[in-house]
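**Student:** could you look at this predicted model? Sequence included:
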Amino acid sequence: MSKKAAAADERDTVLRVLDEVVDKNAYLNISLDKNLRTGSLSAAGRAFVTEAATGTVRQMLLIDRIIGDYSKIKLRRISPPIMNILRMGVYQIVFMDRTPDSAACNESVRLALRYGHKASAGFVNAVLRNISTSGGKIIYPDPAKNLTGYLSLKYSHPEWMVEKWLSDYGADFTEKLLKANNRKPPFTIRTNTLKLSRIELIERLSGKGYRASVNRMAPEAVIIENPAAITETEEYASGCFFIQDAGSMLAPHILDPKPGQLAVDVCAAPGGKATHMVQLMNGKGRLIAFDKHPHRLRLLKNAAEKTGTGIIETAMYNDMTLIESLKGQADKVLADVPCTGYGVIRRKPDIKLTASPDETAKLAEQQYEILLRASDFVKPGGTLVYSTCTICPEENERVVARFLNTSSDFMPDPVPDKIRISDIFPELITGTGGFIRLFPNLHDTDGVFAARMARK
């Protein structure tokens, strides 16, 4: 394939992803995975598509402002395909240093001719050439007069979200959080210690040209600096590792299931934490993994098969016979509940496009109900861990406080000593009730919350 044809294929793929995510409400990671698997792009081409699509979504609020400032046509009058062509063109010009502005403009014009008409192509060419000449400069609100508007535009987050975080965490912390959300996160994998040690995994991957190193956040965590095609390795296919953020590896360690115990994961799919629990149990005991969606249970079963043990039993969330039989029987129970996901925005920037200010209260109610249900499984002296991948106190500390206020047979339980890695992050443990909070700007992990409780 010629360079020109390859460039065209790459831009066509980016545009398909943007169309699916922006105009059809698809998940960015799912759309990318589908389009990259079905295409014939080179490794460099896949990297370009991933960066251009993810970056355009990540910076979309700012990009739209730039387009608005340089367009003589109101944004609402621009057709969706042309708007997405402009967006990806602006991202390449303003944010992708390795892409020549001329290539970004020319390929955008080609797309405009294909998905619009001659006038559309002329419009796209004029807007992008003007942005290229000026460098896409815009005038930001004065932070002294409108801090919310300034931070919202500069870091491309919805104003209501910025305003909430300013209220929760203050100006300095919020700006650092917004900045961290726009950085590319590290690519982290979790060693399947049932099959090999972390050092053995690093040695095997290093022998295949991967730059792999220890991540000190969790004893199984490995950072991969050049992860291209890592899912095509024999090690991935055979379940030697799972792709997982280091911060999310802490919840199973906080739960601390032991070999031979009965453990329950009430919201288990796609299986990251459930398979990790199996490792901590050394593949011995029984783990019941619930989920409410059949297609997600299939993902969970596939992940369970990769662990190399058969102790995970998958079950539908409404299996009342099993639920009744498990009441008061489990040694360890994990409730990793559905949440707003504001802690994973740097991995899933499309959350900024779909989030709404009223979803937090609704989810907090659902989380409380799930926590109540999960608590029924815990036997006296057993352990319950509640966790999320959000940073909202309404979904974290307040849900736990509400539960403890209404469930007198549960109490806060200290986090196991192995989690107290104060030499790395002194601020990791917060409060006296045995919970952790992680933030992208503090710990370079996803935003994570986990609370450990014991049944009296």
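**Tutor:** Received the coordinates, thanks.

**Student:** from now on I want contacts and neighbour counts done on CA atoms only, so please keep to that.
**Tutor:** Noted.

**Student:** for this structure, what are the low-confidence residue spans?
**Tutor:** 1-7, 418-433 (pLDDT under 70).

**Student:** how does it divide up, domain by domain?
**Tutor:** 3-134, 147-181, 187-243, 247-455 (automatic domain parsing).

**Student:** nearest to residue 140, out of the ones you listed?
**Tutor:** Among the domains of the chain, the nearest to residue 140 by Cα to Cα is domain 147-181 (5.9 Å).

**Student:** got JSON lines for the domains of the chain, with mean neighbour count and distance to residue 141 too?
**Tutor:** Formatted as JSON lines, the domains of the chain follow (neighbours: other Cα atoms under 10 Å; distance: least, Cα to Cα, whole Å):
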{"stretch": "domain 3-134", "mean neighbour count": "18", "distance to residue 141": "12"}
{"stretch": "domain 147-181", "mean neighbour count": "19", "distance to residue 141": "5"}
{"stretch": "domain 187-243", "mean neighbour count": "17", "distance to residue 141": "35"}
{"stretch": "domain 247-455", "mean neighbour count": "19", "distance to residue 141": "20"}
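
**Student:** how about the residue nearest the centre of the chain, nearest residue that isn't a chain neighbour?
**Tutor:** Geometric centre of the chain, nearest residue: residue 344, 3.7 Å, by Cα atoms, centre = their mean. Distances taken as Cα to Cα, 6 or more residues apart in numbering put residue 446 closest to residue 344, at 5.3 Å, once the chain neighbours are dropped.

**Student:** can I get the CA coordinates of the longest strand along the chain in PDB?
**Tutor:** Counting residues, the longest strand found in the chain (DSSP state E) is strand 378-388. C-alpha atoms of strand 378-388 as PDB (Å, rounded to 0.1, in the frame of the first residue of the first chain):
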ATOM      1  CA  VAL A 378     -20.800 -12.000  54.500                       C
ATOM      2  CA  LYS A 379     -20.600 -14.400  57.400                       C
ATOM      3  CA  PRO A 380     -19.900 -13.200  60.900                       C
ATOM      4  CA  GLY A 381     -16.200 -12.300  61.100                       C
ATOM      5  CA  GLY A 382     -16.100 -12.000  57.300                       C
ATOM      6  CA  THR A 383     -14.900  -9.100  55.200                       C
ATOM      7  CA  LEU A 384     -16.800  -6.800  52.800                       C
ATOM      8  CA  VAL A 385     -15.000  -4.400  50.400                       C
ATOM      9  CA  TYR A 386     -16.800  -1.700  48.500                       C
ATOM     10  CA  SER A 387     -14.900  -0.200  45.500                       C
ATOM     11  CA  THR A 388     -15.400   2.200  42.600                       C
END
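
**Student:** what's the residue lying closest to residue 412 once chain neighbours are set aside sitting at in phi/psi?
**Tutor:** Excluding its sequence neighbours, the residue lying closest to residue 412 (Cα to Cα, 6+ apart) is residue 453, at 4.5 Å. Phi and psi for residue 453, reported as degrees, to the nearest 10, are phi -130, psi 150.

**Student:** ok, residue 453 touching residue 413?
**Tutor:** Yes. Counting by Cα atoms under 8 Å, residue 453 does reach residue 413; the two are 4.7 Å apart.
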